[in-house]
Structure formats: structure tokens, C-alpha cells
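Colleague: Can you look at this prediction? I've put the sequence above it.
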Amino acid sequence: MDLYTKGNDLILKQPDFDLDETLDCGQAFRWVKTAPDEYRGFFVNTPLTISCLDKKDGVFKLENTDEKTFFEVWADYFDLYTDYSELKKRYSEDKTLAKACEYAGGIRLLKQDAWETLSSFIISQNNNIPRIKGIISRLCVHYGGYPTYLQLSGETVDSLAFLRSGFRAKYIVDAVEKISGGEIDLNKIKDLPTDDARKELMKIKGVGPKVADCALLFGMYKLDAFPKDVWVKRALEQWYPNGLPDCIKGSEGIAQQYLFHYIRNNS
């Protein structure tokens, strides 16, 4: 990673990073494409407009951002300290993953806030991305930003009707009640082994294995979490009926992103 300041902006040179493949692949729901090769979005309530200036050399502009914010927020959020070239080299020991990495080699994992990720994926159940983004946008407009679970503690299913989230409202309310009441502690869950952490999250109504694994992977950086939606299940049945390859051990969740993107766009 190379970084320098240009006026009020930062210029970042970073290999293995593609905005479309990373910001529009279903990991997070608050990024909006505002121009070709440009997105505006948030880490919780810290805004960013990022654009790609040179795809070949991996050059990006982060608008109105200083180095302090970059190193406190964005370097970690975009997982810039992880060597994705080395990961892809290791994954490519498997012929299917080699094709997946070649197809979308710019995917990076977004390291998000635990509460925002959990609540977003509760909203995502049996839903499409435009509708998910609409619900989350209404939530943020209402609260002037993404609300904490404490800010939501007074809400009921009826009071959340403005979200137009359907059956998911009761799951949001249950998550808020369990977390604000201390039954679920997201900070402690981060420190648990993944199987135990998954069981804790699944105490929340409407949180099954897939939503729990998304929260663990994207919100708590548990890289052995492996969310399985219909696309990933299809990939497992088609390519890995005898189990996942050894080359992804320890970072299964990142490998899952390549497989998800590959099968979704090539089937």
C-alpha cells in the first residue's frame, strides 16, 4: 500500500482491489455507485467517496480524507494489511478457486461494525439487494445515521413500520432487546470460538446459520466463518461434494467471497 496526500484528498496505490467487486457484492449495503468507478458510502457514520483513477495500476482517490482517518478507519475497513496476492496464490492450488480468483481478483473483505453487520443481515433475509438498501436507507434517514442498538431500544414492531421491512421488524426488535438487555454481548462473542459464537448469535429470533456466519465474517473478522446461501450451496454441491480444499484453511470466509461471485456470475 502506497499513500500520499493531494490537496484535501488521499491517493492510494493498492493492488488486488476492485471497487465494483468489493463494494457491490453483497457484503455491505450502504455503498452507492455515484459515477463510473466511483462509490460513496460509510463505515458506520464515517462517510467516504472513493474512486478508481487507474484500474491497471490500482490507483484510488479518497476524497476529503486525512491520513489520521485513513489509518484509523479505512485501512482496516478495506483489509489493506492483508496480502491478497499471497492468498490468491495459495487458493489457486485448487483449479476451481484458481478460476474464481482470476475472474474477480479484486475482491477484498470489508471489516465492518459488528452491530451494523448483524442488523443489516437480519434485514437481508429473503430479500434482494435493492430492497435491503432501501430499508437500511430509511433507517438511516430516520435516525440521521446508522443507529446503535441503544438508540433502537425504544422501538417496537409497530413503530418500525416506516421501514417497510415486513416480518424482519420483529427480528430487529428481538436483537435489540437481547443485546441492550445483556443477554447477547457482541464484544464477548468476538472472542469466542466460531462455533460457540454462532450458537450465541442464533439465540436471536430469525438469526440462522447463514446470517450468523455473515455477522461473524464481515462484522467480527472470523475468517473461518463460511456463509452458505443458495449460490454457495450450489458451488459446494457442484465442485466440493467431498469438502473444501485444504488450501483455504484458516481463511475460508475470504475464499467464500471468490466462490460466491464466480458461481453467481457464471451459471
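Modeller: Nice, I can see it. Residues are numbered from 1 along each chain as shown.
Colleague: Just to check, residue 78 is in contact with residue 17?
Modeller: Yes. Taking contacts as Cβ atoms under 8 Å, residue 78 lies within contact range of residue 17: 7.0 Å. Yep, even glycine has a C-beta here, placed from its N, CA and C like the rest.
Colleague: would you list every one of the helices in this structure?
Modeller: Remark: helices assigned in the chain by DSSP state H are 19-23, 67-69, 75-77, 84-91, 95-103, 114-123, 129-143, 168-180, 186-190, 194-201, 209-220, 230-239, 252-265.
Colleague: So which residues make contact with the longest one?
Modeller: Identification of contacts with helix 129-143 by Cβ atoms under 8 Å, 6 or more residues apart in numbering yields 26, 29-30, 32, 120, 123-124, 127, 146-147, 151, 162-165, 168.
Colleague: Which among these count as buried?
Modeller: Buried members of the contacts of helix 129-143, scored by 16 or more other Cβ atoms under 10 Å, are 26, 29-30, 120, 123-124, 127, 146-147, 163, 165, 168.
Colleague: Closest one of those to residue 233?
Modeller: Among the buried ones among the contacts of helix 129-143, residue 26 lies closest to residue 233 (Cβ to Cβ), at 15.1 Å.
Colleague: on that earlier part again, what residues do residue 78 and residue 17 have in common as contacts?
Modeller: Common contact partners of residue 78 and residue 17 (Cβ under 8 Å, 6+ apart): residue 108.
Colleague: Now do the contacts for residue 257.
Modeller: Residues near residue 257 by Cβ under 8 Å, 6+ apart: 25, 27, 107, 109.
Colleague: Going by neighbour count, which of those comes out on top?
Modeller: Neighbour counts for the contacts of residue 257, by other Cβ atoms under 10 Å, peak at residue 107, which reaches 25 neighbours.
Colleague: Isn't it up against residue 26?
Modeller: No. Taking contacts as Cβ under 8 Å, residue 107 lies outside contact range of residue 26: 11.0 Å.
Colleague: Between which two of the contacts of residue 257 is the distance greatest?
Modeller: 25 and 109 (10.4 Å).
Colleague: Pull up the per-residue confidence for residue 266.
Modeller: Turning to residue 266, the model gives it a pLDDT of 84.
Colleague: Then residue 238?
Modeller: Residue 238 is assigned a pLDDT of 94 by the prediction.
Colleague: For the nearest residue to residue 226 once chain neighbours are set aside, give me its contacts.
Modeller: For residue 226, ignoring the flanking residues on the chain, the nearest one in space by Cβ to Cβ, 6 or more residues apart in numbering is residue 252 at 4.6 Å. Residue 252 makes contacts with 223-226, 244, as judged by Cβ under 8 Å, 6+ apart.
Colleague: Format these as TSV; extra columns: distance to residue 199, neighbour count and pLDDT.
Modeller: Converted to TSV, the contacts of residue 252 look like this (distance: Cβ to Cβ, whole Å; neighbours: other Cβ atoms under 10 Å; pLDDT from 0 to 100):
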residue	distance to residue 199	neighbour count	pLDDT
223	18	19	98
224	15	16	97
225	13	23	98
226	16	22	97
244	21	17	96
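Colleague: Return the closest of the residues you listed with respect to residue 197.
Modeller: Using Cβ to Cβ, the shortest approach to residue 197 within these belongs to residue 225, at 8.3 Å.
Colleague: dump the residue contacts of the closest one.
Modeller: 194, 198, 213-214, 216-217, 252-253.
Colleague: Let me know whether residue 208 touches residue 199 as I believe.
Modeller: No. Using Cβ under 8 Å, residue 208 is not in contact with residue 199, being 11.7 Å away.
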